[in-house]
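In: Kindly generate the corresponding structure for this input.
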Amino acid sequence: MTSELVNGYGEALVAVAKAEGAGPEVEDQLFTVARAVEKSEELQTTLADSAIPASRRQQIVEDLLEAQASPITSALISMVVAANRGGELSSILDAAVAKGAQSRGQSVAEVRSAVPLTEEQIQRLTAALNKATGKNLTIKTVVDEGVIGGIVTTIDDEVIDGSVRHRVTKLREAF
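Out: Below is the predicted model of the structure:
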């Protein structure tokens, strides 16, 4: 799928969420769903399988999101899957999150940590990253067991690796 098509879907999802008065809430949920889909190869394959009727793939989405997401989020994801775009679902959802942030004059920073961050930690991190990058950022957090300690931040195409693993590797290289 071309990036134009992915971005078009992303813009459409954001427009619907805003029209329903739930932009940032839906964006947070879309981000969470995108990460969950990325983690499950079985789910990716199932949602992309055009041999499975669209109604069945939509039901899978609705069953998975039933108590986890708002009806708007569920409907938006269901629409993408029904349009046979399940194979690009994560990319489309990421585009929607980025477009939503962009509409507020922000960029998205994805922060991976081994444990959930507190609201206070997120606020301090946001202030520090805004200052360091000169950008107005919205932070999206991911608990990633692969991060032993510290955090790994991705802003656009830039990765800031503050993980313990990265620091140990740097120490080894120094000696």
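In: Identify the residue nearest the geometric centre of this protein.
Out: By Cα atoms, centre = their mean, the chain has its centre lying nearest to residue 31, at 2.8 Å.
In: Provide a complete list of residue ranges assigned to strands in this structure.
Out: For the chain, the strands defined by DSSP state E occupy 107-113, 137-143, 150-155, 158-163.
In: Of those strands, which is nearest residue 37?
Out: strand 137-143 (12.9 Å; Cβ to Cβ). Backbone N, C-alpha and C define where each C-beta goes, glycine included.
In: Against which helices or strands is the closest one packed?
Out: Judged by 3 or more Cβ pairs under 8 Å, 6 or more residues apart in numbering; DSSP states H and E, the packing partners of strand 137-143 are helix 23-39, strand 107-113, helix 119-133.
In: cutoff 6 Å now
Out: strand 107-113, helix 119-133 (3 or more Cβ pairs under 6 Å, 6 or more residues apart in numbering; DSSP states H and E).
In: For burial, what's the neighbour tally of residue 153?
Out: 22 (other Cβ atoms under 10 Å).
In: Repeat that for residue 116.
Out: For residue 116, using other Cβ under 10 Å, the count is 10.
In: what is the residue lying closest to it once chain neighbours are set aside paired to in the beta sheet?
Out: By the measure of Cβ to Cβ, 6 or more residues apart in numbering, the closest residue to residue 116 outside its immediate chain neighbours is residue 143, 5.6 Å from it. With DSSP bridges applied, residue 143 shows beta-bridge pairing to residue 113.
In: how close does residue 143 sit to residue 36?
Out: Distance from residue 143 to residue 36, counting by Cβ to Cβ, to the nearest Å: 12 Å.
In: Who are the contact partners of residue 11?
Out: Under the criterion of Cβ atoms under 6 Å, 6 or more residues apart in numbering, the neighbours of residue 11 are residue 99.
In: Apply 10 Å and report the result again.
Out: The contact partners of residue 11, by Cβ atoms under 10 Å, 6 or more residues apart in numbering, come to 95, 96, 99, 100, 102, 103.
In: What of residue 164?
Out: 114, 147, 148, 149, 150, 151.
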